[in-house]
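1. Take this sequence and fold it.
(2 chains)
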Amino acid sequence: MKYKDYYETLGVPRDADLDQIKKAYRKLARTHHPDMSKAPDAEARFKEAAEAYATLKDPAKRAAYDELGHPQPGAEFSPPPQWQQDFSTGGQSFEDIDLADLLAAMGRGRGGGARAAMPMKGRDMETSITLTLADAREGSTVKLNLRDETGERVLEITVPPGARQDQKLRLRGKGGKGQHGGPDGDIYLHISLAPHPVFRPDGLDLYFDLALTPSEAALGAAVEVPTLEGPVLLTVPAGTRFGRKLRLRGRGLLAGKSDIYAIVHIDVPTTLTEAERALYLELARISNFNPRAAAPKENPT
Amino acid sequence: MTQDIAPWCWPDSLETISLTELSHCCGMTEAELDELVEYCALLPVSPASPERAFSAQWVVPLRNAAKLRVDYDLDLFTVAIVLDKLTRIEILERQVHSLQALLGPHMRSDMGC
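-> The predicted model follows:
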């Protein structure tokens, strides 16, 4: 078994009190937590600090650790013989076990054999998948490759129709195996939706930008629009204004219960033919429409 | 390698979950969850009922708060504050996402999305 200097890891003297240890750990956790640091070694350094703190904050574990003396970090050492009684290693020899696991087992072994056989829930697992919008609408079957202490396995799951962005699916009892009669852990599956070139999901609804010509917006039109199941005709009412939402009922991510919204944008040609120009000039001449008529005339400040 | 087919559930507001199961999900004891209820950080579905049940939508934020508790060695009162803030962040993120879905392409590029 290799020795690890937990005091050095936390940067505290060997006679540090609990407050010093806690303060040193929190400082390291704040610096190296994977949520806070993007450094490539951040997670490893955070885990080292957490491992050191788990031992040094517990007086019994710290006393046991201090019994080891002060070998060089990384040096091989043999734990005192009485640890075999004090620690519940599940029958494993000390050679096969890491110092951190051994000290963690101490908590479980404390209090005798009855405590060691207490039911323990299996480990929860977190994993993620990315679905296309079409798969989210129709539902899909996904195979998860899982690896844990019991080996490698493939878990086939059916994601029901109507999955949303950032939704979590809980697979009860499919995580790590429980010990001593404890329940198996769960799997939490984080669902992401792949970006779509047209649609933007919002909950179970979908949004997209519908560009209309000025005449389509003014006169009304039937225009072809996309859905996840292929194009359909959408009736644009006469007098449709910029920003209006037109609904395609029941065609969102949960069929029949969520919708697609077309957000209207009115576009104009960047160049005009002579005939078009003449007609726009004529329209401008005869039209009384002034979109700025309702806007305030004075600066309120 | 074995292949298995798994049943699923969405931990959302349509489902309820018992105190015992919530405790299993988030790795906190029932007494700790009761304390979070006392701090009004965690709200049972029927506060008057002796058998406490919760909306399953607490599962994910409670698991996140419980993980931060272990990672940063937080006390339970701090967990109550963190849980409140995590819930608020989740609501705000959902609102931002909704607004982004409504925005036109030129506005979205201005927002870096």
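
2. got the CA positions of stretch A:256-272 in PDB?
-> Below are the C-alpha coordinates for stretch A:256-272, written out as PDB (Å, rounded to 0.1, in the frame of the first residue of the first chain):
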ATOM      1  CA  GLY A 256     -51.400  16.500 -29.900                       C
ATOM      2  CA  LYS A 257     -50.400  18.300 -26.700                       C
ATOM      3  CA  SER A 258     -47.800  20.800 -27.700                       C
ATOM      4  CA  ASP A 259     -47.500  23.200 -30.700                       C
ATOM      5  CA  ILE A 260     -45.200  24.700 -33.300                       C
ATOM      6  CA  TYR A 261     -45.100  28.500 -33.400                       C
ATOM      7  CA  ALA A 262     -44.000  30.400 -36.500                       C
ATOM      8  CA  ILE A 263     -42.700  33.800 -35.600                       C
ATOM      9  CA  VAL A 264     -43.400  36.200 -38.500                       C
ATOM     10  CA  HIS A 265     -40.700  38.200 -40.100                       C
ATOM     11  CA  ILE A 266     -41.400  40.500 -43.000                       C
ATOM     12  CA  ASP A 267     -38.600  40.600 -45.500                       C
ATOM     13  CA  VAL A 268     -38.100  42.900 -48.500                       C
ATOM     14  CA  PRO A 269     -36.100  42.300 -51.700                       C
ATOM     15  CA  THR A 270     -32.600  43.900 -51.600                       C
ATOM     16  CA  THR A 271     -32.900  44.800 -55.300                       C
ATOM     17  CA  LEU A 272     -36.000  45.600 -57.300                       C
END
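
3. And the strands in chain B?
-> With DSSP state E, the ranges of strands along chain B come out as B:2-6, B:16-18, B:53-55.

4. the bottom helix or strand of chain B by mean pLDDT?
-> Comparing every helix and strand of chain B by mean pLDDT, DSSP states H and E singles out strand B:2-6 as the least confident one, with a mean of 55.

5. and the closest residue to residue A:12 other than its chain neighbours, what helix or strand is that in?
-> Among residues not flanking residue A:12 along the chain, residue A:24 sits closest, at 4.9 Å (C-beta to C-beta, 6 or more residues apart in numbering or on different chains). Just so you know, the C-beta spots here come from the backbone N, C-alpha and C atoms, and that holds for glycine as well. In this structure, residue A:24 is located in helix A:18-32 according to DSSP states H and E.

6. packing partners for that helix?
-> In terms of contacts (3 or more C-beta pairs under 8 Å, 6 or more residues apart in numbering or on different chains; DSSP states H and E), helix A:18-32 is packed against helix A:6-10, helix A:42-56, helix B:59-72.

7. what sits up against it?
-> Helix A:18-32 is contacted from outside by A:10-13, A:16, A:36-37, A:39, A:42-43, A:45-46, A:49-50, A:52-53, A:56-57, B:71-73, using C-beta atoms under 8 Å, 6 or more residues apart in numbering or on different chains.

8. go with 10 Å
-> The list of residues contacting helix A:18-32 from outside it, by C-beta atoms under 10 Å, 6 or more residues apart in numbering or on different chains, reads A:6-7, A:9-13, A:16-17, A:36-37, A:39, A:41-50, A:52-59, A:62, B:68, B:71-74.

9. Just the buried residues from these, in ChimeraX please.
-> Selecting the buried subset of those in ChimeraX, with 16 or more other C-beta atoms under 10 Å in any protein chain shown as the burial test, is done by:
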select /A:6,7,9,10,12,16,42,45,46,48,49,50,52,53,54,55,56,58,62 /B:68,71,72,73,74
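
10. Need the pLDDT of the residue nearest to residue A:12.
-> With respect to pLDDT, residue A:24 scores 94.

11. count of neighbours near it?
-> For residue A:24, the neighbour count with other C-beta atoms under 10 Å in any protein chain shown is 20.

12. For residue A:128, see how far away it is.
-> Residue A:24 sits 33 Å away from residue A:128, taking C-beta to C-beta, to the nearest Å as the criterion.

13. Quick one: the strands in the stretch 151-300 of chain A, in order.
-> All strands of the stretch 151-300 of chain A, identified by DSSP state E, counting those that start in this stretch, fall at A:151-159, A:167-171, A:187-193, A:200-202, A:205-212, A:221-225, A:232-236, A:245-248, A:260-266.

14. for these, which one ends up most surrounded?
-> Per residue and on average, the most neighbours among those fall to strand A:200-202, with a mean of 22 (mean count of other C-beta atoms under 10 Å in any protein chain shown).

15. who does that strand touch, helix- and strand-wise?
-> In this structure, strand A:200-202 makes packing contacts with helix A:133-138, strand A:205-212, strand A:260-266, helix B:76-102, judged by 3 or more C-beta pairs under 10 Å, 6 or more residues apart in numbering or on different chains; DSSP states H and E.

16. closest one to residue A:149 among these?
-> Closest to residue A:149 of the helices and strands packed on strand A:200-202 is helix B:76-102 (C-beta to C-beta; 28.9 Å).

17. got the angle between the closest one and strand A:260-266?
-> Here helix B:76-102 runs at 50 degrees with respect to strand A:260-266, directions being taken by axes from the mean of the first three to the mean of the last three C-alpha atoms, to 10 degrees.

18. And the residue of the stretch 151-300 of chain A closest to chain B?
-> At 3.7 Å from chain B, residue A:202 is the closest residue in the stretch 151-300 of chain A, using C-beta to the nearest C-beta.

19. what pairs with that residue across the strands?
-> In this structure, residue A:202 bridges to residue A:205 when assessed by DSSP bridges.

20. Near chain B, which residues of the stretch 201-301 of chain A are found?
-> Taking C-beta under 10 Å from any C-beta of the partner chain as the criterion, the stretch 201-301 of chain A approaches chain B at residues A:201-203, A:205-209, A:242-243, A:245, A:261, A:263-265.

21. What residues does the most centrally placed residue in chain A make contact with?
-> Ranked by distance to the mean C-alpha position of chain A (C-alpha atoms, centre = their mean), the top residue is residue A:190 at 5.6 Å. If you count contacts by C-beta under 10 Å, 6+ apart, residue A:190 has them with A:126, A:127, A:128, A:129, A:130, A:166, A:167, A:168, A:169, B:60.

22. Assign the fourth one to helix, strand or coil.
-> For residue A:129, the secondary-structure state derived from DSSP: H, G, I helix; E, B strand; the rest coil is strand.

23. I'd guessed it sits against residue A:142; true?
-> Yes: under the contact definition of C-beta atoms under 10 Å, residue A:129 touches residue A:142, with a separation of 5.5 Å.
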